[in-house]
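[1] One predicted model, sequence on top.
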Amino acid sequence: MSIEARSIRQAGPHPDCPKYLKLAKSFERQLRIGALRVGDRLPSVRQLRDQHSISVGTAIECYLWLERQGYIRSYPKSGFYVTRTPLSDGAEPDVLAPSGSPVAVIGTSFYDSGIPTGASDAVQLGPAVVGQSLLPVARLNRSMRLALSAFDDTAVTYEESRGNIRLRRQMARLMFRQGAACSPDEIVVTSGGTEALNLAIRAVAKPGDVVAVESPGCYERLQALEALQMRALELPHQPRTGLDLEWLEAAASKHRMKAIMMSSACHNPLGHCIPDANKAAIVAFAAKRKIALIETDIFGELVFDGSRPRTLKAFDTDGTVLQCSSLAHYVAPGFNLGWIQPGRWQAEVERLKSFTNVASARLTQLALAEFLECGAFEKHLKRLRVALWRSVEATRDEILRTFPNGTRVNRPEGGFVLWIQLPDRYNGLEIQCQAAAARIHILAGEWFSATKQYRNYIRISCGHPYEVIQPAVRTLAGILNDWRT
């Protein structure tokens, strides 16, 4: 398949999106490849209805969407005409070559940096957490009530250190869907994905050790390494292929790596999924070198086409992979529950968990177990994927339309973050400060690199309806277009 054909396929709408939007996106693709050009006349509403066997209302909605994007214009008694073609997607944002030397991680705390993280009434486009309007709040409230009714005389006692067995069974089912078979006894429930990640790192390494990290990669991993006083070795994560084995081989030959931290599905912040062959090769490499492979799988359920990619754990045959997961970002942030499947470090993770907080809270575990058992999770996912796809696509189009020339934006396969490369003259940290002053919270690219690369990058979370995001993006565009170096 050619590069052009791949880009057209990736730009296609979600299969569950409305008919008008599917049709509008088909017109947009024709505009991209030149099948339709400026000045061309489009079919009338009735002709469109007859050609595609749709209602008049659907045809009108299609043209209204194209008008809102500025692609077409209606002329009285004449019809609809193409007024502009879509802006070029351009290339993916560049992945920068790291220094190749381990570094002590410092300055990963937003609160200690002196950079505002946004007021409580700010538009939250920084944290990769779905906004309340897209969360299953009513159904979670019901699950909480059912959990309360199930309590008995043991309600106020500690839960088992590994976690509630009902919840662990559901987590084992989720892992089976990812291609990784495991027993509920092999899972440890944690207080969110952050605790799972910290337990994994502490189980395989000690202060001063070298841990390989993706660049760019999730800043939470860097925060964990800083807190645990370990050194980070940055490795470039290439779009749609992941960590390069040649880089890994060279790094492992030069440095004594205790662990590799990475994700393979809906990468944060690049948003893509890496091929199964690449996952298998990385797991085989880690097993051969006896290097722990710490996998964070947070957004793998949010691939826009509804598929569920296999995880690194699915290719693990000897316990090399420690998989850390959570549903907190897009189901129940307030429950703050996650889990870890620690592979051959099971006993050590259980020991560390008992030192950390004995056990996670019982009530929220029971509530989340009920939510998963009754099928509410699947219904939520189906709606959420469509809503996030709409927000991501519309926000991406708005950025390409309004941000300065030369801006590059990733096209994610899932999740809800956009990784934006601005022209060289911009400074992401200063943009984050100016955005915070305008009550908009975003994240500068430097947070995603142990060596503070990606100076002219920013990350925007699209976990809200587009109607909430659009005014903030236009304000950001104004900040950028008024920029003075």
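    Cool, got the structure.
[2] and Glu295, what element?
    strand 292-297 (DSSP states H and E).
[3] Show me what that strand is packed against.
    Here strand 292-297 touches helix 192-204, strand 257-262, helix 276-289, strand 321-326, going by 3 or more Cβ pairs under 8 Å, 6 or more residues apart in numbering; DSSP states H and E. From N, CA and C alone the C-beta is placed, and that goes for glycine too.
[4] 10 Å instead, please
    helix 192-204, strand 210-215, helix 219-227, strand 257-262, helix 276-289, strand 321-326, strand 338-341 (3 or more Cβ pairs under 10 Å, 6 or more residues apart in numbering; DSSP states H and E).
[5] Break this structure down into its structural domains.
    Domain assignment of the chain by automatic domain parsing yields the ranges 3-82, 105-132+379-481, 136-377.
[6] Tabulate those (CSV), appending distance to Ser99, mean neighbour count and mean pLDDT.
    Converted to CSV, those look like this (distance: least, Cβ to Cβ, whole Å; neighbours: other Cβ atoms under 10 Å; pLDDT from 0 to 100):
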stretch, distance to Ser99, mean neighbour count, mean pLDDT
domain 3-82, 31, 15, 79
domain 105-132+379-481, 6, 19, 90
domain 136-377, 7, 20, 93
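[7] Same list (these) but as JSON lines, adding distance to Asp94.
    Shown next, in JSON lines, are the domains of the chain (distance: least, Cβ to Cβ, whole Å):
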{"stretch": "domain 3-82", "distance to Asp94": "17"}
{"stretch": "domain 105-132+379-481", "distance to Asp94": "6"}
{"stretch": "domain 136-377", "distance to Asp94": "10"}
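[8] Tell me which of these sits nearest to Pro93.
    domain 105-132+379-481 (3.7 Å; Cβ to Cβ).
[9] Distance to Leu443 for the helices and strands packed on strand 292-297 - can I get that in CSV?
    Shown next, in CSV, are the helices and strands packed on strand 292-297 (distance: least, Cβ to Cβ, whole Å):
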stretch, distance to Leu443
helix 192-204, 16
strand 210-215, 15
helix 219-227, 8
strand 257-262, 19
helix 276-289, 27
strand 321-326, 19
strand 338-341, 21
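[10] can you tell which of those is closest to Leu352?
    Closest among these, using Cβ to Cβ: helix 192-204, at 5.3 Å.
[11] Packing partners of the closest one?
    strand 188-190, helix 219-227, strand 257-262, strand 292-297, strand 321-326, strand 338-341, helix 346-356.
[12] Looking at the domains of the chain, spot the one closest to Glu92.
    Closest among the domains of the chain, using Cβ to Cβ: domain 136-377, at 4.8 Å.
[13] Tell me which residue lies nearest the centroid of this protein.
    Gly415 (3.9 Å; Cα atoms, centre = their mean).
[14] Surely it and Pro269 touch.
    Yes - with contact defined as Cβ atoms under 10 Å, Gly415 reaches Pro269; the gap is 8.8 Å.
[15] shared neighbours of the two, anything?
    Both Gly415 and Pro269 are contacted by Ala128, Ser461, under the criterion Cβ atoms under 10 Å, 6 or more residues apart in numbering.
[16] For Asp424, which non-adjacent residue is spatially closest?
    Asn456 (5.7 Å; Cβ to Cβ, 6 or more residues apart in numbering).
[17] ok, now Ala387?
    Leu134 (5.5 Å).
[18] Return the distance of Thr85 relative to Leu48.
    20 Å (Cβ to Cβ, to the nearest Å).
[19] repeat for Trp339
    Taken as Cβ to Cβ, the span from Trp339 to Leu48 is 50 Å.
[20] Tell me how far the strand holding Glu295 lies from the chain's centre.
    Taking Cα atoms, centre = their mean, to the nearest Å, one finds the center of strand 292-297 at 16 Å from the center of the full chain.
[21] Just checking: what are the partner strands of that strand?
    strand 257-262 (parallel), strand 321-326 (parallel) (DSSP bridges).
[22] how about Gly131, what does it touch?
    Contacts of Gly131 by Cβ under 10 Å, 6+ apart are 123-125, 330, 333, 391, 416, 461-465, 468-469.
[23] Of those, which belong to strands?
    Val123, Gln124, Ser461 (DSSP state E).
[24] And the strands in the stretch 101-250 of the chain?
    103-104, 123-124, 188-190, 210-215, 231-238, 242-243 (DSSP state E, counting those that start in this stretch).
[25] Quick one, which of those strands gets closest to Ser149.
    strand 188-190 (21.4 Å).
[26] so what secondary structure elements neighbour that closest one?
    So strand 188-190, by 3+ Cβ pairs under 10 Å, 6+ apart, packs with helix 165-177, helix 192-204, strand 321-326, strand 338-341, helix 346-356, helix 362-373.
[27] and the first one, what does it pack onto?
    Counting contacts by 3+ Cβ pairs under 10 Å, 6+ apart, helix 165-177 is packed against strand 188-190, strand 321-326, strand 338-341, helix 362-373.
[28] Could I get those in TSV, plus columns for distance to His52?
    Shown next, in TSV, are the helices and strands packed on helix 165-177 (distance: least, Cβ to Cβ, whole Å):
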stretch	distance to His52
strand 188-190	50
strand 321-326	42
strand 338-341	45
helix 362-373	39
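[29] Indicate which one of the ones you listed is closest to Glu28.
    Of the helices and strands packed on helix 165-177, nearest to Glu28 by Cβ to Cβ is strand 321-326, at 35.1 Å.
[30] the inter-axis angle of that closest one versus helix 165-177?
    If you take axes from the mean of the first three to the mean of the last three Cα atoms, to 10 degrees, strand 321-326 sits at 120 degrees to helix 165-177.
[31] With only the CA atoms kept, save stretch 457-474 in PDB.
    The C-alpha trace of stretch 457-474 is given here as PDB (Å, rounded to 0.1, in the frame of the first residue of the first chain):
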ATOM      1  CA  TYR A 457       6.500  20.800  21.100                       C
ATOM      2  CA  ILE A 458       3.300  20.800  23.100                       C
ATOM      3  CA  ARG A 459       0.700  18.100  24.000                       C
ATOM      4  CA  ILE A 460      -3.000  18.700  24.000                       C
ATOM      5  CA  SER A 461      -5.500  16.300  25.600                       C
ATOM      6  CA  CYS A 462      -8.800  15.900  23.700                       C
ATOM      7  CA  GLY A 463     -10.800  14.300  26.500                       C
ATOM      8  CA  HIS A 464     -13.700  16.700  26.300                       C
ATOM      9  CA  PRO A 465     -16.400  17.400  23.600                       C
ATOM     10  CA  TYR A 466     -15.100  19.500  20.800                       C
ATOM     11  CA  GLU A 467     -17.400  22.300  21.800                       C
ATOM     12  CA  VAL A 468     -15.300  22.700  25.000                       C
ATOM     13  CA  ILE A 469     -12.000  22.400  23.200                       C
ATOM     14  CA  GLN A 470     -12.500  24.600  20.200                       C
ATOM     15  CA  PRO A 471     -12.500  28.000  22.000                       C
ATOM     16  CA  ALA A 472      -9.400  27.000  23.900                       C
ATOM     17  CA  VAL A 473      -7.600  26.000  20.700                       C
ATOM     18  CA  ARG A 474      -8.500  29.300  19.000                       C
END
